[in-house]
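# My questions concern the predicted model and sequence given below.
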Amino acid sequence: MITEKINDVELGFVKRKYRFLFVSMCLALIALILAGMILYLGNTKYPLSIILRVLAGEEIKGATFAIMTLRLPRMLAGLLAGMAFGMAGCTFQTMLRNPLASPDIIGITSGSSVAAVFCILVFQVSGSAVSIAAVISGLLVSSLIYILSRGGSFSGGRLILIGIGLQAMLNAVISYLLLRANHYDVPAALRWLNGSLNGIQMKSIPALCFTVLFFGGLLVLLGRKLKILELGEHSAITLGLRTDRTRILLVLCAVFLIAVATAVTGPISFVAFLAGPIAGWLAGKGIATILPAGLTGSVLVLLADIIGQYAFDTNFPVGIITGILGAPYLLYLLIRMNKTGGAA
């Protein structure tokens, strides 16, 4: 009888593992197809043979500029930023055991945004200066949220409430800066705040790529410890996990992903909020879904960019489309939590 139960447990684990791998491969394939569509679609549609020749380094008049200067940076930024948002959002939601614990809801994204808007409107700078300021500000705000949430001991609920409060304050600062700014500078700030892949340059991609590979890879390696943290503070300590050290490492990795991605593309709304739940629903429970969440984030950003660029007469920034997708789920989640007395 005991042997049969052990075999059932092992069989269940194998099924979950294969489901995890299958879902991850399907999401990667969908992301690859969407990435190819971004390279293909435009005022001029180039055949696959031309795209591959240009990517291989061949100079083709017209095609090289369109693909290498305009479409490739846009595609890579969407792919990598979506993965960064998805992995970071899943990390916070799993660690804090609350679907509302998304970086764009608990103030971390706003921390990066306020510094970027300040640089654009007050110092009138752009490019790397804005990116560096956004990263530093995101790290400082996340550190402040974590320190304030500590109290006597760490509390996920306290962190969420403090984050929401700080987000409201930071959004008020952003609104004040927009109201006081020269009206000629406001469109650039608003375009960045909406989250957009327009105007992405290839020089912004290497830092984003390194951040996703390094910090995203660390999060994947820490996935098992993240699942232990999900059991709760006391259970994690009982199982021998050094909760404070693990939590700080997870937060640092997630914040770097959010800050660098936000610095490059702006705060693309609701991607971090949606990617984790969608990945969890697809891949199932029992295995950390950080990698599927990252791939889901890439799919969401690339799909939203294609919809925003080609589905309407007017081009819309990718953040507008993801906001339309994410707002109904947020309302549903709030209604559900209200009915269940706060349980998500």
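Yep, that arrived.

# pLDDT wise, what is Ser112 at?
Note on Ser112: pLDDT of 83.

# Quick check: what element follows the strand or helix carrying it along the chain?
Per DSSP states H and E, Ser112 falls inside helix 108-118. The helix or strand immediately downstream of helix 108-118 is helix 128-150, counting by DSSP H and E.

# where does the chain have low pLDDT?
For the chain, applying pLDDT under 70 flags the ranges 1-10, 12-13, 126-127, 151-156, 337-344.

# mind checking which helix or strand the closest residue to Cys253 other than its chain neighbours is in?
Closest residue to Cys253 apart from its sequence neighbours, by Cβ to Cβ, 6 or more residues apart in numbering: Phe215 at 4.3 Å. C-beta coordinates here come from the backbone N, C-alpha and C atoms, glycine included. Assigned by DSSP H and E, Phe215 belongs to helix 205-221.

# go on, Thr94?
Using DSSP H and E, Thr94 sits within helix 72-96.

# what's the angle from that helix to helix 108-118?
Here helix 72-96 runs at an angle of 140 degrees relative to helix 108-118 (axes from the mean of the first three to the mean of the last three Cα atoms, to 10 degrees).

# List the buried residues in helix 72-96.
72-96 (16 or more other Cβ atoms under 10 Å).

# so what's Glu230 up against?
94-95, 97 (Cβ atoms under 8 Å, 6 or more residues apart in numbering).

# change it to 6 Å
Listed by Cβ atoms under 6 Å, 6 or more residues apart in numbering, the contact partners of Glu230 are 94, 97.

# cool, Gly78 as well?
Contacts of Gly78 (Cβ under 6 Å, 6+ apart): 197, 301-302, 305.

# For those, work out which two are farthest apart.
In terms of Cβ to Cβ, the contacts of Gly78 reach their longest pairwise distance at Leu197 and Leu302, which sit 9.2 Å apart.

# for the most centrally placed residue in the chain, what are its contacts?
Geometric centre of the chain, nearest residue: Phe85, 0.7 Å, by Cα atoms, centre = their mean. When contacts are counted by Cβ under 6 Å, 6+ apart, Phe85 touches 261, 271-272, 297.
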